[in-house]
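[1] Got a predicted model here, sequence first, then my questions.
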Amino acid sequence: MAITKKQSAELATQVFEYAPAPEAIDHVKIASRYGLFIDGRMVDAHSKKRFPTINPATEKTLSEVAEADEVDVDRAVKAASKAFESWSHLSASRRARYLFRISRLIQERSRELAVVETMDGGKPIKESRDVDIPLSAAHFFYYAGWADKLEWAFPNRKPRPLGVAGQVIPWNFPLLMLAWKIAPALAAGNTVVLKPAETTPLSAMVFAEICMQADLPPGVVNIVTGAGKTGSLVVSHPAVKKVAFTGSTEVGKLIQRSIAGSGKKLTLELGGKAANIVFEDAPLDQAVEGIVNGIYFNQGHVCCAGSRLLVQESIAEPLLEKLKRRLSTLRLGDPLDKNTDIGAINSRAQLEKIQGLVESGVEEGAELYQPPCVLPERGFWFPPSLFTNVSQSYRIAREEIFGPVLSVLTFRTPNEAVEKANNTPYGLSAGVWTDKGSRILWMAERMRAGVVWANTFNRFDPTSPFGGYKESGYGREGGVHGLLPYVELH
Ligand code: NAP
Ligand code: MG
């Protein structure tokens, strides 16, 4: 039955109620304590120290993990150095076989991994289930394929592995960042010592079990948990030949300084303040979905989040109206509920950082919009937010908020859009929404951003390189480019 225009408009404003649809958690066993994964087994930490990891949606402790000290990190690096002797000489097809096995095991244990990721980090289960875990498996599959084809990756050159890679990762995509780091390193014949983030170590502990299940030779992968101090011990260990870091620009700079002159190879994947640019000829409803995905996906804890919306002035009003309406339909709450769009903020510290920056936006004169939204009593939450009346000089337009907060700016001409998009110390990603292919290419050529998405946002694929310009870091992860940081070419 056809409906009238008026009925259709009414339907579009209607907010639907959803019955709770919690993911089952009874199939998941989180141990009350975890040790360190060194030389193929879980061992007690020399430090004898532990720290709790909590569920940010409930503030309840999930488990206690070990805090690795200097002796622990040294043991892990020694195990990795020893394993390197045989792993680097193993036939490439055998190395590939282990990587395939790991990816299959990630798939087999995907439900468990998704629940662990959601409980430990606060992200909605539909994201860990449909994005983080499948992409992690895909990364291992992809690099398994390269292990015995390195000669084709670097024609006429002879690639050699570097040795032990020291890898430090953040809390926003714990397993996925682990996969981005470990898969290319192992495919190229290196061994690794990895430090997960303090607030999200649990999926790395499940991954340690997966390494054992896969019969990976001892010492090829070592996982040491701890805080920033443990990370600095990993990167500064003299036997580490390659450092791969994903995290804040501030810590990236510290690391760069601390290893200067050591001869270690370094890749840095740091922060961002991406422009998501909507031209007047863009399909607006599609753009609204892309804007929402760009900034509210994973509570905005995304280095490449489209945190600055640049809208062509002529369509600013209708676009913002649609966007605000869409915001009011986002469901915030229990991350384990399959209907949840916005989960918990990863930690109290991150929540305070977001609150502080949002306050600065209001003080500086921007106009804050938040849809009516009930926040749960326990846990760390922040409603989806957007700022209009934003000037480029405001902190909310310059600094990375790393939360569900969008700053809206306008432009009149494509040149102005490029200038505003590039007016940032970062350069990780950007989005362009337009009907014109030629304009997409014109914009992509002029923007200093490692990734430019066209009529989409936050799309990832293991075959595609990812990385930044300027203060977003250097080096690429993913694709054939992602192998280069892990080899020496002769
Ligand atoms: P962070 O404080 O830089 O931490 C990242 C990792 O480094 C954590 O494991 C952290 O340990 C460790 N760490 C802290 N201080 C260290 C030191 N002095 N030496 C060595 N390691 C150290 O960043 P975060 O707050 O966890 O993550 C958010 C930031 O990461 C954002 O700025 C975001 O843009 C960036 N990020 C970038 C990408 C990318 O691909 N470009 C991806 C994800 C996130 P603790 O856990 O104990 O702090
Ligand atoms: Mg946690």
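    Structure's in. What do you need? Numbers count the residues shown, from 1 in each chain. Ligands and ions are numbered 1, 2, ... in the order given.

[2] for the protein, which spans come out with low pLDDT?
    Within the chain, the stretches with pLDDT under 70 are 1, 11-15.

[3] Identify each buried residue in stretch 212-219, please.
    Neighbour counts using 16 or more other CB atoms under 10 Å place 214, 216-219 of stretch 212-219 among the buried residues. In short, each C-beta sits where N, CA and C put it, glycine included.

[4] ditto for stretch 262-272
    In stretch 262-272, counting by 16+ other CB under 10 Å, buried: 264-272.

[5] Stretch 422-433 too?
    Buried positions in stretch 422-433, judged by neighbour count with 16+ other CB under 10 Å: 422, 424, 426-433.

[6] So which of these are in strands?
    Secondary structure from DSSP state E places 429-433 of the buried residues of stretch 422-433 in strands.

[7] domains of the protein?
    33-269+469-489, 275-454 (automatic domain parsing).

[8] What degree of burial does A80 show, as a neighbour count?
    For A80, the neighbour count with other CB atoms under 10 Å is 28.

[9] Report whether the expected contact of S464 with G478 is present.
    Yes. If you go by CB atoms under 8 Å, S464 and G478 touch, sitting 5.5 Å apart.

[10] Between those two, point out the one with more neighbours.
    Each of S464 and G478 has its neighbours counted (other CB under 10 Å); G478 has more, 22 against 14.

[11] pretty sure the more buried one is touching T463, no?
    Yes. Assessed by CB under 8 Å, G478 is found in contact with T463 at 7.1 Å.

[12] who in this protein is up against ligand 2?
    53, 120, 199 (CB under 5 Å from the ion).

[13] right, and out of these, which lies closest to ligand 1?
    Taking CB to the nearest ligand atom as the measure, T199 is the one of the residues of the chain next to ligand 2 closest to ligand 1, at 6.3 Å.

[14] ok, that closest one - contacts?
    53-54, 56, 120-121, 171, 346-347 (CB atoms under 8 Å, 6 or more residues apart in numbering).

[15] How about the contacts made by the closest residue to D44 other than its chain neighbours?
    Distances taken as CB to CB, 6 or more residues apart in numbering put G35 closest to D44, at 5.1 Å, once the chain neighbours are dropped. Contact analysis of G35 by CB under 8 Å, 6+ apart lists 42-45, 66.

[16] Any of the residues you listed buried? List them.
    When the contacts of G35 are checked for burial by 16+ other CB under 10 Å, the buried set is 42-43, 45, 66.

[17] Need these in JSON lines (columns: distance to ligand 1 and secondary structure).
    Below are the buried ones among the contacts of G35 laid out as JSON lines (distance: CB to the nearest ligand atom, whole Å; DSSP: H, G, I helix; E, B strand; the rest coil):
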{"residue": "M42", "distance to ligand 1": "20", "secondary structure": "strand"}
{"residue": "V43", "distance to ligand 1": "20", "secondary structure": "strand"}
{"residue": "A45", "distance to ligand 1": "15", "secondary structure": "coil"}
{"residue": "A66", "distance to ligand 1": "13", "secondary structure": "strand"}
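
[18] Test my guess that F411 contacts S314.
    No. In this structure, F411 is not within contact of S314 by CB under 8 Å, at 10.3 Å.

[19] Those two: which is more packed in?
    The residue with more neighbours, out of F411 and S314, is F411; 21 against 13, by other CB under 10 Å.

[20] Next, count neighbours for S391.
    12.

[21] Checking the closest residue to it other than its chain neighbours next. Helix, strand or coil?
    Leaving aside its chain neighbours, S391 sits nearest to A397 (6.9 Å; criterion: CB to CB, 6+ apart). Secondary structure, DSSP: H, G, I helix; E, B strand; the rest coil: A397 is helix.

[22] show me what contacts A397?
    Here A397 is in contact with 273, 308, 390-391, 407, 409 (CB under 8 Å, 6+ apart).

[23] Which one of the buried ones among the contacts of G35 is nearest to A144?
    Proximity of the buried ones among the contacts of G35 to A144 (CB to CB) peaks at M42, which lies at 25.0 Å.

[24] ok, what's across the strand from that closest one?
    M42 forms beta bridges with F37, as assigned by DSSP bridges.

[25] from what I can see it touches A204, true?
    No. The criterion here is CB under 8 Å, and M42 misses it with A204 at 11.9 Å.

[26] Touching both of the two, which residues are there?
    With CB under 8 Å, 6+ apart as the test, M42 and A204 reach no residue in common.

[27] So which residues make contact with the helix or strand that contains E416?
    Using DSSP states H and E, E416 sits in helix 414-422. Under the contact criterion CB under 8 Å, 6+ apart, helix 414-422 has outside partners 275, 277, 279, 308, 310, 312, 392, 409, 411, 430, 439, 442-443, 446-449.

[28] hmm, 7 Å instead?
    275, 277, 310, 392, 409, 411, 430, 439, 442-443, 446-448 (CB atoms under 7 Å, 6 or more residues apart in numbering).

[29] Figure out how far it is from the centre of its chain.
    Distance of helix 414-422 from its chain centroid, counting by CA atoms, centre = their mean, to the nearest Å, is 26 Å.

[30] Buried residues, that helix. List them.
    So for helix 414-422, counting by 16+ other CB under 10 Å, buried means 414, 417-418, 420-422.

[31] Relative to V408, how far out is the residue most central in space within the chain?
    For the chain, the residue nearest the mean C-alpha position is F173 (4.1 Å; CA atoms, centre = their mean). The gap separating F173 from V408 is 26 Å, by CB to CB, to the nearest Å.

[32] same question, T340
    25 Å.

[33] which residue ranges form the strands in the stretch 1-150 of the chain?
    33-34, 36-38, 41-43, 50-55, 60-66 (DSSP state E, counting those that start in this stretch).

[34] residues contacting whichever residue of the stretch 201-350 of the chain sits closest to ligand 2?
    Among the residues of the stretch 201-350 of the chain, L202 lies nearest to ligand 2; the distance is 7.0 Å by CB to the ion. Neighbouring residues of L202 by CB under 7 Å, 6+ apart: 30, 53, 62-63, 116, 120.
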